[in-house]
Structures are given as C-alpha cells and as structure tokens.
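**Q** Predicted coordinates and the sequence they were generated for:
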Amino acid sequence: MSDQSNNDVLCGVIFENGECSPIYCNQVTGECYFPDPVMSYNRLISELSADEPVEVDPADIAEAVVEGVYGECIGVIYNGEMIIKLVSDDQAVGVPVDNPTGDGERFVIDIYGDYDED
C-alpha cells in the first residue's frame, strides 16, 4: 500500500465491507482516499475534494459514526468548518461542524473510484 505523503491529512473514516478505514486528504490536490480493506492499494474517492482537511483521531470519529452522532452515514470527512458526510457509496452531503446531524444538498461521489497503485 502506498505511504501517505507529508501533504496528506488523516481527516475522517469510512466503514466499507464491515471494516473501518481512515480517510486521508491531500492538502495540495484535495484528493481523498482510503486504504482498501481488501486490495493492497489506496482507493481514491472520485468526485470528492477537501480543500481544508482537518486532522482527526480516527478512533473517536469511528465511535461517533457507530453511535449515530452524525446521523445515518458510512463515514465522515472533516473539512474546515464543514463535515462531509458519506451518506452512501455514491452520495455525500456537507453540513456545518456544529450541526452534524443536519442535512444539505447531496452530491455525487464514487467510493469505488480509481486505485492509486503508486
């Protein structure tokens, strides 16, 4: 699996195939990815960009997702004053940090995006 670069920030988690994986976002490109629990590659989340990723403790965030702190979702990414909730494998929504169960305009993502084999 690829090593994270110095520009990458651990800014969220995703539950995929029954496993919790950390989500990293590149501070320069905005690309978000997570280590695929099955393959030996990092999986890019297509159509998703985080321009202000905020470093988080993945254990705390995973526990909060399981407890429903963010409402129903498969993962979250902290991005500046917003939380990007991964509602499903193909939809996300941005909500303010102070209203994690809120809802907003959904947008298309693809967690089955490209693999980063570098």
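**A** Done, it's in. On a predicted model such as this, the values are computed, not experimentally measured, just so you know. Residues are numbered from 1 along each chain as shown.
**Q** The spatially closest residue to residue 10 that is not a sequence neighbour pairs with what?
**A** Residue nearest to residue 10 in three dimensions, not counting chain neighbours: residue 22, with 5.1 Å by C-beta to C-beta, 6 or more residues apart in numbering. To be clear about C-beta, it is placed using only N, CA and C from the backbone, and glycine gets the same treatment. On the basis of DSSP bridges, residue 22 is bridged to residue 13.
**Q** Sketch out the low-pLDDT regions of this protein for me.
**A** The model of the chain has pLDDT under 70 over residues 1-4, 113-118.
**Q** Now do the helices for this structure: every range, in order, please.
**A** All helices of the chain, identified by DSSP state H, fall at 58-67.
**Q** Could I get the full set of strands for it?
**A** Applying DSSP state E to the chain gives strands spanning 8-16, 19-26, 31-35, 42-49, 75-79, 82-88, 91-96, 106-108, 115-116.
**Q** Pick the most buried one from these.
**A** The highest average neighbour count among the strands of the chain, using mean count of other C-beta atoms under 10 Å, belongs to strand 75-79 at a mean of 25.
**Q** Put the alpha carbons of that one into PDB.
**A** The C-alpha coordinates for strand 75-79 follow below in PDB (Å, rounded to 0.1, in the frame of the first residue of the first chain):
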ATOM      1  CA  GLY A  75     -18.300   7.800   7.100                       C
ATOM      2  CA  VAL A  76     -17.300  11.400   7.500                       C
ATOM      3  CA  ILE A  77     -14.500  13.800   6.500                       C
ATOM      4  CA  TYR A  78     -13.700  17.000   8.400                       C
ATOM      5  CA  ASN A  79     -13.100  19.800   6.000                       C
END
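**Q** Same list (the strands of the chain) but as a markdown table, adding distance to residue 63.
**A** Formatted as a markdown table, the strands of the chain follow (distance: least, C-beta to C-beta, whole Å):
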| stretch | distance to residue 63 |
| --- | --- |
| strand 8-16 | 10 |
| strand 19-26 | 10 |
| strand 31-35 | 18 |
| strand 42-49 | 22 |
| strand 75-79 | 12 |
| strand 82-88 | 15 |
| strand 91-96 | 19 |
| strand 106-108 | 25 |
| strand 115-116 | 28 |
